[in-house]
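Student: just coords:
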C-alpha cells in the first residue's frame with residue numbers, strides 16, 4: 001500500500017499485512033495454529049497467510065487448525081472480524097475479504113481422547 005501525503009510517501013510491505021493477519025488470527029480463542037495452503041510442496045511454502053493487495057484494499061486467506069471442542073463456524077467468524085478490525089485500525093486499509101479454511105483439528109483432550117485413554121488402577 002502506498003499513500004502520497006504532501007511531505008512524502010508511505011509504503012507498507014506486504015509482510016506487515018501478513019504478520020498482522022497471522023498474529024491476530026492466532027490470538028483468537030480456539031485457534032491452535034495456522035498452516036500453509038494445502039497442495040504446495042513443503043519447500044515452496046512461504047507463509048500461513050495469503051495476502052492480495054488491490055489498490056488500497058486487501059484480501060486475506062488463512063488456513064487454520066482449531067481446538068477439538070470449539071464451534072468452528074464461530075471461530076472462523078471471529079477470525080474474520082478480528083483480522084478485518086486489525087488491518088483497518090492499525091494499517092488503515094480497506095478489507096475486501098477474509099477467507100478462512102479450517103484445515104484440521106488438533107489432537108486434544110476432547111471426549112474421543114478421554115474414551116481412548118487407558119484407565120489407571122487405584
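Tutor: Okay, I see it. Bear in mind that the values here come from a model prediction, so they are computed numbers and not experimental data.
Student: contacts, neighbours, all on C-alpha from now
Tutor: Fine.
Student: the closest residue to residue 88 other than its chain neighbours - how many residues pack around it?
Tutor: Once flanking residues are discounted, residue 88 sits nearest to residue 94: 5.9 Å by CA to CA, 6 or more residues apart in numbering. Neighbours of residue 94 under the rule other CA atoms under 10 Å: 18.
Student: you'd agree residue 94 is up against residue 53?
Tutor: No - assessed by CA atoms under 8 Å, residue 94 is found out of contact with residue 53, at 9.9 Å.
Student: is residue 33 bridged to anything, and to what?
Tutor: Beta bridges link residue 33 to residue 65 when assigned by DSSP bridges.
Student: ok, it - contacts?
Tutor: 26, 64-66 (CA atoms under 8 Å, 6 or more residues apart in numbering).
Student: likewise for residue 58?
Tutor: Going by CA under 8 Å, 6+ apart, residue 58 touches 51-52, 93-97.
Student: the helices in this protein, which residues?
Tutor: 14-26, 72-86, 111-116 (DSSP state H).
Student: where does the chain dip in pLDDT?
Tutor: Along the chain, the model assigns pLDDT under 70 to residues 1-5, 39-47, 109-122.
Student: how about a cut-off of 80?
Tutor: Of all residues in the chain, those with pLDDT under 80 make up the ranges 1-6, 37-48, 108-122.
Student: grab the longest strand from the chain for me.
Tutor: Looking across the chain with DSSP state E, the single longest strand is strand 94-105.
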